[in-house]
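Asks: Sequence plus the predicted model coming up.
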Amino acid sequence: MKNPLNKRFIRELKQEAGKYLVIFILLVTIIGFVSGFLVADGSMRITYDGSFEKYNIEDGYFDVSKEMTENQKAAVEENDVAVYENYYVEQNLTNESTLRIFQNRTDVDKACLMEGAFPAKAGEIAIDRMYADNNKIQIGDTISTGSRKWRVTGYVALSDYSALFSNNNDTMFDAVKFGVAVVAAEEFETFRTKELNYRYSWVYDTKPANETKENNIAEDLMKSIGKVVTLEAFVPQYQNQSIHFTGNDMGSDKAMMEMLLYIVVVILAFVFGSTISNTITREANTIGTLRASGYTRCELVRHYLVLPLIVTIAGAAVGNVLGYTVMPNIVKNMYYGSYSLTKYETILNADAFFRTTVIPLVAMLVINLLILSYKLTLSPLQFLRRDLRRRKAKRAIRLGNRISFFARFRLRIIFQNRSNYLMLFIGILFANLLLLFGMGLPVVLEHYQENIQQNMFSKYQYMLNVPTSILSSDSKVKSLLSMMEFSYGVETDNETAEKFSAYSLNTTDDICDSEEILLYGIVDDSKYISIDFADLAAESDTEKQGTSNQELTNSVYVSSAYADKYQLKPGDTVNLKEKYKDDTYQFQVSGIYPYIGTLCIFMPQEQLNRIFDMEDDYFAGYFADTEITDINTKYIGSVVDLEALTKVSRQLDVSMGNMMYLVDGFAILIFIVLIYLLSKLVIEKNAQSISMTKILGYSNGEIGRLYIFATSLMVVLSLLVTIVVDYFLIVWLFRVMMLKSMSGWIQFEIDKSVYIHMFITGILTYAVVALMEFRKIQKVPMDEALKNAE
Amino acid sequence: MFLEINNIKKSFGEGDSRIEVLKGIGLGIERGEFCVLLGPSGCGKSTLLNIIGGIDHSDEGYISIDGEKTGEMKEKKLTLYRRKHLGYIFQMYNLIPNLTVRENIEVGAYLSDHPFDINEMLKTLGIYEHQYKLPNQLSGGQQQRTAIGRALIKNPDILLCDEPTGALDYRTSKEILKLIETVNQKYGNTIVMVTHNDAIKHMADYVVHLKDGTIRKKYRNENKISADELDW
């Protein structure tokens, strides 16, 4: 015989449709979203990893100033590599962006057609899909430089530009101001020779086994090529941010998404636990009778466990269906909003199923099993007597008669429901955290862009590009000639220009990926950096320590961005290392220079030059307040201007902007569900008392003021307290996020108006729920008190 | 002796507030007997019933049912014992509100390997026509009949009734008592009923008067009358 208690399930679902429905919706939303994210993320990862072989992505590229001869090419290929022409031109368009145009490549770095058609003839162009999205360029539109025009025939993703870095030295790419495109051979031939950039890509005949071997092979290759041609740039694939940035970033949000799911599931499990506890209290007599009649504790635990599990399974099932159908497109669009990835195909993922279905189910089962087992350990007699307290009843907290009756009544309700209100507090804490992130991030980015504008050293900062030929040539004469040519070519007559030295090292921090720190060597009495280095000179100790590791102790200033991110203060020591070598350097922080633009270190120019064995007159760039126009552009590696400094924030804005609306919506959903469920519990728990107060002659309004006001008070308090707690939490989380997955530093700094918005959102959400609860109070029948008056 | 109650003592509270509710109760009930425990409120009759039913423990003494001492049983065995041999009826019916009359009785049937036929039970109880109603659609008497059905359907050896007519009016009480009598005669269950209604003693085989935790009087009723003839 089937357990007749099972017949209650459908009826219970119908009776408590509202409660189960909101939990179901929340589960479907979160499981669907996370499942979709994991499926899309896994599929994207497979697509990305597969693209290396599918589109024959290069193993590296080098730039030369003029086209290589066949003999030179053959000489390079003697190094067990195949070399491919990968010429491009850069065109400034009328929309103030720059387009890097390649001839459609058929052998290496092949393009993936996302939509439309490849260009077939002159005057046609296929542009990067993400660049097109960001600049709202449609297929069929015409793009123009003013003097040249192209009709857009399609959208493409170039396999070697999944992240649209215009310069490999940039800290962040900019898919708004920079894009890539391909044209047909017929069109490419129309570009003038002087417009062409001679880039050659290579592919190893045999792939190196690992990155260290690849690094050694690449260094040897650079020297070998340097003997054949004059190198302007040499970038092995593993250093190419356009190719690897996406892969490194992928999956970084996965842990956050899973954590989001598990937190929601745990909160929901406790909500279920609370509702079950409430049901057990309500049905105490029945439970006592059943237990006295011979029903085992296990049978009852199983009985009360079924509905939470059914709702979780149903939520997981529907969530997974959505996760595999609708959501991946949303997540895919998020990825496509950040990266220029090749065509994606949803691939089913057992791991995603396990994480979004099995783990939530187990969490729900374990938490509820523990709560139920604990609740049902009471004896049948205790249930029959409705004596459900485990500890002896404490004496009631004395509330002075000076407190009004209504206030005392409300306080008693709060004391009685403290576990529910605690749950409410935790839920609101979590929902507010999401809301703070959703509402705060756009403001943080806006602030950052405003602050950085006021905080720049100079309007322009030119980083010079030492030709690779100086470093790669084995011929001292050739190297010297290149050096002389370079030294002459980088002098300027610009009166605002001020030289500085620079060197880049990497962090050695264990807790996050190594990131680049720029070391500035500043001239005495600098117009742009106001640091008194006189004190540093006394402290400086430039003696080398050790032989294998080049360890130097130096007093320096660090930028406030560096200090904030790594929590540095004067007196601390920072350890940095060469990116691909074992040499390490030690610096002592003497002061913090207020600069939020980049993570950098400041020291006197002569000190930097001495530490890194540079000539005394070595310099790496210029600060200037006006544009420098008299330096050959080939010697300018990058220009750090406002646009460059705000790339990180702009890209974050573009890639995460839409997601913030989802986060806001989700936070509000959690608000509604939790506030609704928990305030409903309070009303249900007090149904008998509410009924009794009605019998006594209290009006619905008065009862509402008693019961709803108590919950309102707790909601308002929770909102206020959690906003403060969440501020500290988000600052910590944001810092962890920046440490783990982003280079650079953005301070989480927001206006007070965001907190006011959050508070208002919380209150408005609660107002809706309070209205529903008031209607519920109105519906409590007067015979409720009489029915249960055993 | 089928049901042996030997020197049962039970007290509640500690120190000064300690109250001795049962002060060494001893009696024996034969199989199929209808025993009534009488006494005023607070005399310990419900506590004794709960100890017999294994849902409360005595401080001293033992209960032996068909030779098995319940006090020596562990929690699991005791539950199994209740499941197989005992049926409970309370003053408040404690029905499951979202199950129908029939389903509430099935809740009891589920516990037995060989339950009685539900339709026949519904007819015997006089609630056959109400079988698809929910408890809140029934009168108090009908709800108590359902509760009796739930306890009886598994054909328990002992039916423990705690003030089964306490919440009912005179006419309905008599109907319920008649029903219990019929059940006792038809199925031969041993019945232990706690009541403060003195009139009920006339329909019992064995009458026990309790006062202040002790047995004041116990006797086998030689002039038993039917429930129909009861009056109070």
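Replies: Looks like it came in fine.
Asks: Doesn't A:G591 lie inside a strand?
Replies: Yes. A:G591 sits within a strand when classified using DSSP: H, G, I helix; E, B strand; the rest coil.
Asks: Leaving out chain neighbours, which residue sits closest to it?
Replies: In this structure, A:G591 finds its nearest non-sequential neighbour in A:Y557, 4.7 Å apart by CB to CB, 6 or more residues apart in numbering or on different chains. In this view, the C-beta of every residue, glycine as well, is placed from N, C-alpha and C.
Asks: Find me the pLDDT at the residue of the stretch 401-550 of chain A found nearest chain B, would you?
Replies: Relative to chain B, the nearest point of the stretch 401-550 of chain A is A:N420 (22.9 Å; CB to the nearest CB). pLDDT, A:N420: 78.
Asks: Can you read off the pLDDT for whatever residue of the stretch 251-400 of chain A ends up closest to chain B?
Replies: Nearest residue of the stretch 251-400 of chain A to chain B (CB to the nearest CB) works out as A:G294 at 2.6 Å. At A:G294, the pLDDT value in this model is 88.
Asks: Who are the contact partners of it?
Replies: A:G294 makes contacts with B:79-84, B:86, B:111, B:154, as judged by CB atoms under 8 Å, 6 or more residues apart in numbering or on different chains.
Asks: most neighbours, which of the residues you listed?
Replies: Neighbour tally across the contacts of A:G294 (other CB atoms under 10 Å in any protein chain shown): the maximum, 27 neighbours, falls on B:R82.
Asks: Please name every helix or strand in contact with the helix-or-strand element of chain B with minimal mean pLDDT.
Replies: Confidence across the helices and strands of chain B bottoms out at helix B:75-85, with a mean of 86, counting by mean pLDDT, DSSP states H and E. Here helix B:75-85 touches helix A:284-293, going by 3 or more CB pairs under 8 Å, 6 or more residues apart in numbering or on different chains; DSSP states H and E.
Asks: Now do the helix it packs on against helix B:75-85, angle only.
Replies: 80 degrees (axes from the mean of the first three to the mean of the last three CA atoms, to 10 degrees).
Asks: On the C-terminal side of helix A:284-293, identify the next helix or strand.
Replies: Remark: after helix A:284-293, the chain's next helix or strand is helix A:297-325, criterion DSSP states H and E.
Asks: immediately after that following helix, which helix or strand?
Replies: Later in the chain than helix A:297-325, the nearest helix or strand by DSSP H and E is helix A:327-338.
Asks: Give the buried residues for that following helix.
Replies: A:327-328, A:330-332, A:334-338 (16 or more other CB atoms under 10 Å in any protein chain shown).
Asks: what residue ranges in the stretch 51-200 of chain A are flagged as low confidence?
Replies: Along the stretch 51-200 of chain A, segments meeting pLDDT under 70 span A:169, A:171.
Asks: And the stretch 451-600 of chain A, by the same measure?
Replies: The stretch 451-600 of chain A contains residues with pLDDT under 70 at A:466-479, A:482-483, A:509-513, A:534-553, A:579-581.
Asks: now the helices for it?
Replies: Secondary structure of the stretch 451-600 of chain A by DSSP state H, counting those that start in this stretch: the helices cover A:468-472, A:476-489, A:534-539, A:560-566.
Asks: Next: chain B.
Replies: For chain B, the helices defined by DSSP state H cover B:45-52, B:75-85, B:101-109, B:118-125, B:140-152, B:170-187.
Asks: Show me what the longest one is packed against.
Replies: Under the contact definition 3+ CB pairs under 8 Å, 6+ apart, helix B:170-187 sits against strand B:34-38, helix B:118-125, helix B:140-152, strand B:158-162, strand B:190-195.
Asks: switch the cut-off to 6 Å
Replies: helix B:140-152 (3 or more CB pairs under 6 Å, 6 or more residues apart in numbering or on different chains; DSSP states H and E).
Asks: Relative to A:V731, which of the helices of chain B is closest?
Replies: A:V731 lies closest to helix B:75-85 among the helices of chain B, at 52.0 Å (CB to CB).
Asks: Kindly export the closest one (C-alpha atoms) in CSV.
Replies: Taking only C-alpha atoms (Å, rounded to 0.1, in the frame of the first residue of the first chain), the coordinates of helix B:75-85 have been written out as CSV:
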residue,chain,number,x,y,z
GLU,B,75,12.8,3.7,20.7
LYS,B,76,12.8,1.8,17.4
LYS,B,77,11.3,-1.3,18.8
LEU,B,78,8.7,0.7,20.8
THR,B,79,7.6,2.5,17.6
LEU,B,80,7.3,-0.9,15.9
TYR,B,81,5.4,-2.2,18.8
ARG,B,82,3.0,0.7,18.7
ARG,B,83,2.7,0.3,15.0
LYS,B,84,1.7,-3.4,15.3
HIS,B,85,-0.3,-3.6,18.5
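Asks: ok, and what's touching it?
Replies: If you take CB atoms under 6 Å, 6 or more residues apart in numbering or on different chains as the criterion, helix B:75-85 is touched by A:294, A:296, B:54, B:111, B:156-157.
Asks: How about stretch A:360-376?
Replies: In contact with stretch A:360-376 (CB under 6 Å, 6+ apart) are residues A:265, A:269, A:272-273, A:277, A:280, A:297, A:300-301, A:304-305, A:308, A:312.
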